[in-house]
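Trainee: Have a look; sequence and predicted model below, questions after that.
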Amino acid sequence: MTVPPTLDNTWGVALLGLVASSIIYGITTFQLYIYFTHYPNDTRKLKLLAWSVWIIDSVSLGLVCNAVYGYLIRDIANPLNRLVVNRTLDVDPILMGLLSFLTHSYLGHRVWKVCQRNFWFGCLLLGLILASLSIAIASSVLSFRFDLWEERTKLKWVGLAGTILVVVLDIIIATVLCVYLLLQNIEGKRTKKVVNRILIFAVNTGLVSSIMSITNIVTYFALPNTLIFLSSNFIFTKVYANALLANLNARESLRGRGYTKDGTLTLNWSALRTNYNDLLVLHEGESKLTERSISIELTRPAAVNMSGPNRTDETLDRTHQVHLKV
C-alpha cells in the first residue's frame, strides 16, 4: 500500500470506525449496568461472563485508540510510518476471537439445552466454536511476521476462513432455535407472543452479527487498498459484546407481559402436543433455580391419551413441573 494523496479511504474511515465503535461501547457499558441492576441474583458464572465480555471489549477499544492516535497524531510528521502496521492491532484479532468464543458459547449452550442436549449437535457447535477461536489466534500470531500493510494480503484466506466459521455459527444457532420453536404445537395468545418475541430476537441477533461479518470480508477483498475493512473490524468486536449482554438483559422482557408483582401469571395452555387442557401456573424462579427461568406447574392431575379414548397413563396422576429457561 503506497501513501495515498488523501486519507479519506484509509485512516479517515478508520477514525470513523473508531467513533462508531466507541458509541457502541458506550451502549455495551450501559447494558452491563442494566444487567447488574435487574439481575442481582444471577449465578456467578453469568456475572463473570458479563464482566469478562466488558473487560475484553474495553481492552480492545484501548488498543484501537492507541493505534489510531499513533497514526494520526504521533506520526503526523512522518507519513511513511502509516505503511507499517501498529503492533497493537495485531493483538486485536485474539480479543475478537475471545468475544466471539464467549458469545457463541453462551448462545450455543442455550440452544443445545433446547435441543435436549443432543450429543452430536453439541459436538458440532463445540468444534465450530473452538475452530473459530483457533483461527483468530493463528491470525494474530501470523500477523507479527509481516510489518507492512501491503504484506497482509498473504493472510486474507485466514481471515476468510474465520469469517465463514463465524457466519455459519450465527446461522446455525438462530436457525435451530427458530425451527425448534416453530415445530412446537403451542396455543394461547400470551404464550405465542413470548415465542414470537424469542423468534424475532434470535433472528435479529444472528442477522446483525452475520451482516457485520460479511461486510468485513467483502470490504477486505473488494477494496484491498483501503482500510474500510479495518473500520468494520472495530465495529465487529463491539457488536458481539453488545449482542451477548443484550441477550442477558432480554430474558425478562421475553417472558411476556401480564405478570403480577410477585411474578405469577395464570393462563390456559393446551400445548406440548399432549392436549393437557389443564390450568397452568407460571411463575419466575429466582431463589430456588440456579438461573432465571419459567416454572410450569400442573395444578391438578393430568391424564394423557396414549392410543384411544379408553386408555390413559395413570403414572401422571401427580403434580408435574417443567422449567423453561429463557
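Mentor: Cool, got the structure. For clarity, every value in this text was computed on a predicted model and none was experimentally measured.

Trainee: Could you report the neighbour count for Tyr39?
Mentor: A count of nearby residues for Tyr39, using other C-beta atoms under 10 Å, gives 19. C-beta coordinates here come from the backbone N, C-alpha and C atoms, glycine included.

Trainee: Could you report the pLDDT at it?
Mentor: The predicted structure scores Tyr39 at 90 on the pLDDT scale.

Trainee: mind checking the backbone torsions on it?
Mentor: Per-residue torsions, Tyr39: phi -130, psi 60 (degrees, to the nearest 10).

Trainee: Run through the residues that contact it.
Mentor: With contacts defined as C-beta atoms under 8 Å, 6 or more residues apart in numbering, Tyr39 is in contact with 46, 248-249, 251-252, 292.

Trainee: Output those in CSV, with pLDDT appended to each entry.
Mentor: Output for those, formatted as CSV (pLDDT from 0 to 100):
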residue, pLDDT
Leu46, 92
Leu248, 87
Asn249, 87
Arg251, 76
Glu252, 72
Arg292, 43
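
Trainee: Same list (those) but as JSON lines, adding neighbour count and distance to Phe229.
Mentor: Compiled in JSON lines, these are given as follows (neighbours: other C-beta atoms under 10 Å; distance: C-beta to C-beta, whole Å):
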{"residue": "Leu46", "neighbour count": "16", "distance to Phe229": "33"}
{"residue": "Leu248", "neighbour count": "23", "distance to Phe229": "30"}
{"residue": "Asn249", "neighbour count": "19", "distance to Phe229": "30"}
{"residue": "Arg251", "neighbour count": "18", "distance to Phe229": "34"}
{"residue": "Glu252", "neighbour count": "15", "distance to Phe229": "37"}
{"residue": "Arg292", "neighbour count": "21", "distance to Phe229": "39"}
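
Trainee: will you turn those residues into TSV that also has distance to Phe119?
Mentor: Rendered in TSV, the data for the contacts of Tyr39 read as follows (distance: C-beta to C-beta, whole Å):
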residue	distance to Phe119
Leu46	25
Leu248	27
Asn249	31
Arg251	26
Glu252	32
Arg292	27
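
Trainee: which residues in the stretch 51-200 of the chain form helices?
Mentor: Secondary structure of the stretch 51-200 of the chain (DSSP state H, counting those that start in this stretch): helices located at 88-114, 119-143, 156-183, 189-222.

Trainee: could I get those helices as CSV with distance to Val13?
Mentor: Written out in CSV, the entries for the helices of the stretch 51-200 of the chain read as follows (distance: least, C-beta to C-beta, whole Å):
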stretch, distance to Val13
helix 88-114, 15
helix 119-143, 20
helix 156-183, 18
helix 189-222, 10
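
Trainee: just the ones you listed: most buried one?
Mentor: helix 88-114 (a mean of 20; mean count of other C-beta atoms under 10 Å).

Trainee: Check which helices and strands that one sits against.
Mentor: Where contact means 3 or more C-beta pairs under 8 Å, 6 or more residues apart in numbering; DSSP states H and E, helix 88-114 is packed against helix 44-69, helix 119-143, helix 156-183, helix 228-254.

Trainee: out of those, which comes closest to Ser21?
Mentor: Distances from Ser21 to each of the helices and strands packed on helix 88-114 were compared using C-beta to C-beta; the minimum, 4.1 Å, belongs to helix 228-254.

Trainee: Tell me which other helices or strands the closest one touches.
Mentor: In terms of contacts (3+ C-beta pairs under 8 Å, 6+ apart), helix 228-254 is packed against helix 13-38, helix 44-69, helix 88-114, helix 189-222.

Trainee: List the buried residues in the second one.
Mentor: Residues 46, 49-50, 53-54, 56-57, 60-61, 63-64, 67-68 are the ones in helix 44-69 that count as buried (16 or more other C-beta atoms under 10 Å).

Trainee: Closest one of those to Leu80?
Mentor: Checking those against Leu80 by C-beta to C-beta gives Ala67 as the nearest, at 16.4 Å.

Trainee: Now for that closest one: which residues touch it?
Mentor: For Ala67, the set of contacting residues under the criterion of C-beta under 8 Å, 6+ apart consists of 86, 88-89.

Trainee: Report pLDDT for it.
Mentor: Ala67 carries a pLDDT value of 89.

Trainee: pLDDT score assigned to the nearest residue in space to it that is not next to it in sequence?
Mentor: The spatial neighbour of Ala67 that comes closest, neighbours along the chain excluded (C-beta to C-beta, 6 or more residues apart in numbering), is Asn86 at 4.1 Å. Among the per-residue scores, Asn86 shows a pLDDT of 84.
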